[in-house]
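Asks: What follows is a predicted protein model with its sequence.
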Amino acid sequence: MLVYHLPGTFDTREAHLDLLWEAGATGLEERAGLIRAYFDDRTVLPAPVQDGEWRQEADQDWLAEFKANLRPVTAGRVTIVPPWLSAEVPAGQVPLIIEPGMAFGTGHHATTRMAVEALSALELHGRTVLDVGTGSGVLAIAAALLGADAALGVDIDPLTVPIARENAEINGVPHGRAVFEEGTLGSDLPEHHTPDGPFDVLVANLYAELHDLLAGEYAAHLIPGGPLVLTGILTSKLPLVHAALEREEFTDVHVRQDGEWALVTALAPQ
């Protein structure tokens, strides 16, 4: 079995995980301060992940081991589980079933968990939600399961869209309640799936520099006073996000931290 050992964890190397999948990894595992990437054949890896080491190891059923170690994640009123653990969702919790795969967002990362918790704390019944950088669709699906009338998830990566749609189907989200399209904000927002007027709630799991760039679009796509939920932010980058929200006149800004990651909530300008 061919394994590429990369220094770091899923948290510290989050931005590099997709590079490993795109290079042909058949599985990723975090163990003892290393990311273990499984490959069928040795390949040339992109520069950001060339600081690892190739090793030939005895064959093992890494997938079975991965599944055995994966546990449900409680995030507010929602419990995020893979399909094989769906029976372990506690009574009274909203089950959100996500098949771990290439699209990031199983709920085990602090950024995803905090965003679902923030959505869970909102009253979403009768409201519309925009999920920017939807990935696996977990945030838009959570919004729909929590009662949103409509949730639109957009992502610039076309590979994520069919995965998000499949996850919505797995979760029994009624047709049209959670819609996924390739695109982003501004002129690239899919017009045929937008509601009449701005959205009631906007959530984005991106990174600080993109939040800074898109802050004006966040304001333009939200109703006055509408909740904004931003995550994917390293705590060291919080000043950049604060400055962007102040620039666009967002109010009631709150920060929650989990290790090196932060979630920022705010209300759109009136």
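Replies: Received, thanks.
Asks: Show me what stretch 156-171 is in contact with.
Replies: Applying Cβ atoms under 8 Å, 6 or more residues apart in numbering, the external contacts of stretch 156-171 come out as 83, 95-99, 101-103, 133-138, 140-141, 144-145, 153, 155, 177-178, 180-184, 188. Heads up, the C-betas are built off the backbone N, CA and C, glycines and all.
Asks: so where is this structure shaky, pLDDT-wise?
Replies: 59-70, 100-108, 187-188, 191-196 (pLDDT under 70).
Asks: one more time with 50
Replies: The chain contains residues with pLDDT under 50 at 102-104.
Asks: Show the residue spans covered by the helices in it.
Replies: 14-22, 62-69, 110-120, 138-145, 160-170, 208-220, 238-247 (DSSP state H).
Asks: Save those helices as TSV, and put in distance to A47 and mean neighbour count too.
Replies: What follows is the helices of the chain, written out as TSV (distance: least, Cβ to Cβ, whole Å; neighbours: other Cβ atoms under 10 Å):
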stretch	distance to A47	mean neighbour count
helix 14-22	9	17
helix 62-69	26	13
helix 110-120	25	24
helix 138-145	30	30
helix 160-170	23	19
helix 208-220	20	18
helix 238-247	25	16
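Asks: quick one: the residue lying farthest from the centre of the chain from M1, how far?
Replies: Here the chain reaches farthest from its C-alpha mean at A58, the gap being 33.6 Å by Cα atoms, centre = their mean. Relative to M1, A58 is positioned 7 Å away (criterion: Cβ to Cβ, to the nearest Å).
Asks: Please apply the same query to G137.
Replies: Using Cβ to Cβ, one gets 31 Å for the distance from G137 to M1.
Asks: So for these two, which residue has more residues nearby?
Replies: Shown here are G137 and M1; by other Cβ atoms under 10 Å, G137 has more neighbours (29 against 13).
Asks: my guess is the more buried one meets L145, correct?
Replies: No - look at G137 against L145 with Cβ atoms under 8 Å: they stay out of range, at 11.4 Å.
Asks: returning to what we had before: nearest to T231, of the helices of the chain?
Replies: Ranking the helices of the chain by proximity to T231 (Cβ to Cβ) places helix 110-120 first, at 4.4 Å.
Asks: Distance from that closest one to the middle of the chain?
Replies: Offset of helix 110-120 from its chain centre (Cα atoms, centre = their mean, to the nearest Å): 9 Å.
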